[in-house]
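Novice: build the 3D model from these lines:
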Amino acid sequence: MTDIRSYEDSHEAGFGDYVQLLKPRVMSLVVFTALVGLLVAPVSLHPVEAFTAILFIALGGGASGALNMWWDADIDAIMRRTKSRPVPSGRVQAGEALAVGLALAGISVVMLALATNVLAGALLAFTIFFYVVIYSVWLKRSTPQNIVIGGAAGAFPPMIGWVAATGSVSVEAFLMFMLIFMWTPPHFWALALFMKSDYGDAKVPMLTETHGRKVTRAHVWWYTVALVPFSLALGFTPVGGHVYLAASIVLNLWFLRGAWAIWRRDEAVAEADGYKVEKAVFRFSLIYLFLHFTALLMDAGLRTWGSF
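Specialist: Next up is the predicted model:
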């Protein structure tokens, strides 16, 4: 990490800046998938316990975001997509981001372990460590497989939610993990295809920079193909059902269609139309994940009310 003191200035941080430090958009995905993992589990928590568990999982996600912004301030200042973040813009000092991240990490891990069980707390601690140290510090700047391996950090929340309720890891928790883990590479590579210069300018070895755009397009297709079996398999576990299977089939067909279009697309054509297809597939990938987990919730609700 380079010296980031140059990014600090005299601007006084507001409450909203500290909220942004926690990456609220990412945190919303963490909260939602963790909540689904908790609610579809076969063991029900008291509402107060459930709320407490999700609160501390969210704080753990926020801690990861703050520590990531502290470490990545130098490259965030270069990339158009990230240069307005609190640390590189100078609204929050690097030391403050580090302090907030460490404090939230400690509080969230200890309190989740006390509120639910030690395994849930340990998984949250490992998730924070994985995102900050394994992904941010090591993988992100050293290998084009950064997104593939680093995607595990974003895949743990539903497993943590499940473990908070049950105290153990099961096939269902593993498949929820794999759904997000396999979804992450095509999601971010679609983004990298139309964020052309950002990663190269920041010297982040994304696949588009190290192996070229044609190879990246092929990887979007093949990783989407690899995602399909895991997403469908979840429908044949006790947490799946008619709604999930129907939704998964339709969503996977659309995702495959988009990934195929990206793979077969000529770069000159893509550049001419402003990467219209790539942007559409990126946006759809967000809907894809949200609807899969929503379908799990719907099936859980139907089972609760005895409809199926």
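
Novice: below-threshold pLDDT in this protein: ranges please.
Specialist: Low-confidence segments of the chain (pLDDT under 70): 1-13, 196-197, 306-308.

Novice: got the domain boundaries for it?
Specialist: 12-169, 170-308 (automatic domain parsing).

Novice: any idea how far the shortest one is from the middle of the chain?
Specialist: Relative to its chain's centre, domain 170-308 lies at 12 Å (Cα atoms, centre = their mean, to the nearest Å).

Novice: pick the most buried one from the domains of the chain.
Specialist: Greatest average neighbour count among these goes to domain 12-169 (a mean of 20), per mean count of other Cβ atoms under 10 Å. For every residue, glycine as well, the C-beta is placed using N, CA and C.

Novice: tell me which element the residue nearest to Tyr288 when sequence neighbours are not counted falls in.
Specialist: Spatial nearest neighbour of Tyr288, excluding adjacent residues (Cβ to Cβ, 6 or more residues apart in numbering): Leu251 at 5.1 Å. With secondary structure defined by DSSP states H and E, Leu251 is part of helix 242-264.

Novice: now do the following helix or strand past that helix: which elements does it pack against?
Specialist: Next helix or strand after helix 242-264 toward the C-terminus (DSSP H and E): helix 267-272. With contacts taken as 3 or more Cβ pairs under 8 Å, 6 or more residues apart in numbering; DSSP states H and E, helix 267-272 sits against helix 276-304.

Novice: switch to 10 Å and redo it
Specialist: Applying 3 or more Cβ pairs under 10 Å, 6 or more residues apart in numbering; DSSP states H and E, one finds that helix 267-272 contacts helix 171-194, helix 213-233, helix 276-304.

Novice: hmm, Val250 and Phe284 touching each other?
Specialist: No: contact criterion Cβ atoms under 10 Å: Phe284 and Val250 do not qualify, at 11.8 Å.

Novice: double-check Gly150 against Ile134; I have them as touching.
Specialist: Yes: with contact defined as Cβ under 10 Å, Gly150 counts as touching Ile134 (7.0 Å).

Novice: name the residues contacting each of the two.
Specialist: Counting by Cβ atoms under 10 Å, 6 or more residues apart in numbering, the contacts common to Gly150 and Ile134 are Lys140.

Novice: which residues touch the residue nearest to Ile78 when sequence neighbours are not counted?
Specialist: In space, and not counting its chain neighbours, Ile78 is closest to Ala202: 4.4 Å by Cβ to Cβ, 6+ apart. Applying Cβ under 10 Å, 6+ apart, we find Ala202 in contact with 72, 74-83, 140-141, 209.

Novice: middle-most residue in this structure, spatially?
Specialist: Gly154 (3.7 Å; Cα atoms, centre = their mean).

Novice: where's it, which helix or strand?
Specialist: Using DSSP H and E, Gly154 falls within helix 152-155.

Novice: which residues make contact with that helix from outside it?
Specialist: With contacts defined as Cβ under 10 Å, 6+ apart, helix 152-155 is touched by 26, 29-30, 33, 61, 64, 68, 126-132, 134-136, 176-184, 187-188, 289.

Novice: make JSON lines out of the helices and strands packed on helix 267-272 and add distance to Ile107.
Specialist: Converted to JSON lines, the helices and strands packed on helix 267-272 look like this (distance: least, Cβ to Cβ, whole Å):
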{"stretch": "helix 171-194", "distance to Ile107": "24"}
{"stretch": "helix 213-233", "distance to Ile107": "33"}
{"stretch": "helix 276-304", "distance to Ile107": "26"}
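
Novice: and Gly161, which of those helices is closest to it?
Specialist: Between Gly161 and these, the shortest gap by Cβ to Cβ is with helix 171-194, which sits at 8.6 Å.

Novice: just checking, next helix/strand downstream of the closest one?
Specialist: Downstream of helix 171-194 (by DSSP H and E), the next one is helix 198-201.

Novice: tell me the helices and strands packed up against the helix or strand following that following helix.
Specialist: Using DSSP H and E, the next helix or strand after helix 198-201 towards the C-terminus is helix 207-210. Packed against helix 207-210 by the contact rule (3+ Cβ pairs under 10 Å, 6+ apart) you find helix 146-150, helix 171-194, helix 198-201, helix 213-233.

Novice: residue contacts, Ala218?
Specialist: Taking Cβ under 10 Å, 6+ apart, we find Ala218 in contact with 207, 211-212, 259, 262-264.

Novice: pick the one among those closest to His46.
Specialist: Ala259 (42.4 Å).

Novice: wait, doesn't the closest one sit right on Leu193?
Specialist: No: with contact defined as Cβ under 10 Å, Ala259 does not count as touching Leu193 (11.5 Å).

Novice: common neighbours of the two, please.
Specialist: 217, 220, 281.

Novice: isn't the first one right up against Trp263?
Specialist: Yes: assessed by Cβ under 10 Å, Arg217 is found in contact with Trp263 at 4.8 Å.
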